[in-house]
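Colleague: pasted the sequence and its predicted model underneath.
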Amino acid sequence: MAERPDRNAIEVRDVRKVFGAGENAVVALATVSVSIHKNEFFTLLGPSGCGKTTLLRLIAGFDYPSAGEILLYGDDIALLPPYKRPVNTVFQSYALFPHMTVAQNIGFGLEMLNKPKAQVKARVAEMLKLVRMEQLANRRTSQISGGQQQRVALARALAPQPKVLLLDEPLSALDYKLRKDMQIELKRLQGETGITFIFVTHDQEEALTMSDRIAVMSAGRILQVGAPRDIYDRPAERFVANFIGESNFLKGETIGAAGGQATVKLSSGAKILASLPKGFSPSGSITIAIRPEHAQLAAADGDAALRGTVENIVYLGTDTHFHLRLDDGEPFIVRRQNARGKMDGLAQGSRAGVLIGADAAQVLKD
């Protein structure tokens, strides 16, 4: 299957997946379309049951779509069996052979492809260097740590030089510090190999740390695709704003829109500007999202868009969260980064105002 440089690595076109039939039918994917670029780290992000693993399995060939097309560099692979696809998968359980050494595990797939012994040996050496495990080449995989096992699984999957590498929550079994280290390591491997990585996770931090682009999924649909900063700063729907990070949600009335922004009148009577999702024209009542770190505390008697009472102050080391109850009864959180010697002068029960900058608010479609 020849690679075409002018093509996307993967194109999913109107793919639908239904398990069962009749009254027992379950729609796992509801007409999903997405393009995944060559040499990018692309993440499918969403809660359990959203369809992200089903989509990954369809790309891998472990399941077949009920409708639609799946193209790899322009060739339709939707009905090809897995062994005929230039795609490899790394699973949550690494499925290594415990009686084999690290080097033998890495070379196993190449041997199954009947590659010459000299080529297998050279490729295994290259992979050992790539994942920085040359010193453990002759160690059995039952005698190495979980993080090292994950590196072996990655090296084995990368050894045949697949066009696309699929990763199904491969970090979920690791402890927090090792998982953080492996996030950076995965991004390095993707950059050095130039292979398209498609990563499945429910962990928003993993997605934001590693991805070139993210597709946020819910109930079998892709709600939004974009770069991590776009997804975080400009969520198009409430689910996206709520699932990734923390958001304050406010109701308001649209009183005008132009140039990608809406003028919104809040319940306090204050008027603010809020960014609009692409192609969305709001009218009447709307919901806006404001990230806690995008708002600022101010004096309650000053020129603030919102006012309320401080109900709780939570110190989190790097920053402090101020939990307010606004005058209209709605909760609101302001997050402020901590600095040595900086005193707030605020205490539980204090009155405070909230300043909302011109680029802080985002209108949501729902």
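Modeller: Good, I have the coordinates.

Colleague: quick check: nearest residue in space to the residue of the chain positioned farthest from its centre, chain neighbours excluded?
Modeller: The centre of the chain is farthest from one residue, Asp301, which by Cα atoms, centre = their mean lies 41.0 Å away. In this structure, Asp301 finds its nearest non-sequential neighbour in Gly353, 7.7 Å apart by Cβ to Cβ, 6 or more residues apart in numbering. The C-beta positions use only the backbone N, C-alpha and C, and glycine is treated the same way.

Colleague: where's the one you found relative to Ile333, distance?
Modeller: The gap separating Gly353 from Ile333 is 15 Å, by Cβ to Cβ, to the nearest Å.

Colleague: same check on Val15?
Modeller: 38 Å.

Colleague: who has more neighbours, those two?
Modeller: Val15 (23 against 19; other Cβ atoms under 10 Å).

Colleague: which strand residues bridge that one?
Modeller: Val32 (DSSP bridges).

Colleague: okay, now Pro331: neighbour count?
Modeller: Count around Pro331 with other Cβ under 10 Å applied: 12.

Colleague: residue contacts, Lys251?
Modeller: Leu266, Ser267, Ser285, Ile286, Thr287 (Cβ atoms under 8 Å, 6 or more residues apart in numbering).

Colleague: output the below-cut-off pLDDT ranges for this structure.
Modeller: In the prediction, the chain carries residues with pLDDT under 70 at positions 1-6, 340-344.

Colleague: packing partners for the longest helix anywhere in it?
Modeller: Once the chain is assigned using DSSP state H, the helix that runs over the most residues is helix 176-193. Applying 3 or more Cβ pairs under 8 Å, 6 or more residues apart in numbering; DSSP states H and E, we find helix 176-193 packed against strand 41-45, helix 117-130, helix 146-158, strand 196-201, helix 204-210.

Colleague: now do 6 Å
Modeller: helix 204-210 (3 or more Cβ pairs under 6 Å, 6 or more residues apart in numbering; DSSP states H and E).

Colleague: give me the buried positions along the helix it packs on.
Modeller: Gln204, Glu206, Ala207, Leu208, Met210 (16 or more other Cβ atoms under 10 Å).

Colleague: not counting it itself, show me its contacts.
Modeller: For helix 204-210, contacts defined as Cβ atoms under 6 Å, 6 or more residues apart in numbering pick out Phe41, Thr43, Leu45, Gln183, Leu186, Lys187, Thr201, Ile214, Pro228, Ile244.

Colleague: please repeat the previous calculation with a cut-off of 7 Å.
Modeller: Counting contacts by Cβ atoms under 7 Å, 6 or more residues apart in numbering, the residues outside helix 204-210 that touch it are 41, 43, 45, 171, 183, 186-187, 199, 201, 214, 228, 232, 243-245.

Colleague: ditto for stretch 133-151
Modeller: By Cβ under 7 Å, 6+ apart, the residues outside stretch 133-151 that reach it are 94, 96-103, 105, 128, 131, 152, 170, 173-174, 178, 182.

Colleague: show me where the stretch 251-366 of the chain has strands.
Modeller: Ranges of strands in the stretch 251-366 of the chain, per DSSP state E, counting those that start in this stretch, are 261-266, 271-275, 285-290, 295-298, 306-315, 319-326, 331-337, 351-356, 361-364.

Colleague: so what strands line up beside the fourth one?
Modeller: Looking at strand 295-298 with DSSP bridges, its paired strands and their directions are strand 351-356 (antiparallel).

Colleague: report the inter-axis angle for the partner strand versus strand 261-266.
Modeller: For strand 351-356 against strand 261-266, the angle by axes from the mean of the first three to the mean of the last three Cα atoms, to 10 degrees is 160 degrees.

Colleague: confirm Leu58 sits in a helix?
Modeller: Yes - with the criterion set as DSSP: H, G, I helix; E, B strand; the rest coil, the secondary structure at Leu58 is a helix.

Colleague: Thr54 and Val15 touch, don't they?
Modeller: No - applying Cβ atoms under 7 Å as the test, Thr54 and Val15 come out as separate, 9.7 Å apart.

Colleague: what do those two both touch?
Modeller: Leu29.

Colleague: domain assignment for the chain?
Modeller: Using automatic domain parsing, the domains assigned to the chain come out as 10-233, 249-364.

Colleague: which of these sits most buried?
Modeller: domain 10-233 (a mean of 18; mean count of other Cβ atoms under 10 Å).

Colleague: using CSV, list the CA coordinates for stretch 81-98.
Modeller: The C-alpha trace of stretch 81-98 is given here as CSV (Å, rounded to 0.1, in the frame of the first residue of the first chain):
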residue,chain,number,x,y,z
PRO,A,81,-8.5,-7.8,7.8
PRO,A,82,-6.0,-6.5,10.4
TYR,A,83,-3.0,-8.4,9.0
LYS,A,84,-3.4,-6.7,5.6
ARG,A,85,-3.3,-3.2,7.1
PRO,A,86,0.0,-1.3,7.6
VAL,A,87,-1.2,-0.4,11.1
ASN,A,88,-0.1,-1.6,14.6
THR,A,89,-1.8,-1.4,18.0
VAL,A,90,-0.5,-1.0,21.5
PHE,A,91,-3.1,-2.1,24.0
GLN,A,92,-3.7,-1.4,27.7
SER,A,93,-2.2,-4.9,28.5
TYR,A,94,1.1,-5.0,26.7
ALA,A,95,0.7,-8.8,25.8
LEU,A,96,4.5,-9.4,25.9
PHE,A,97,5.9,-12.9,26.0
PRO,A,98,7.3,-13.3,29.5
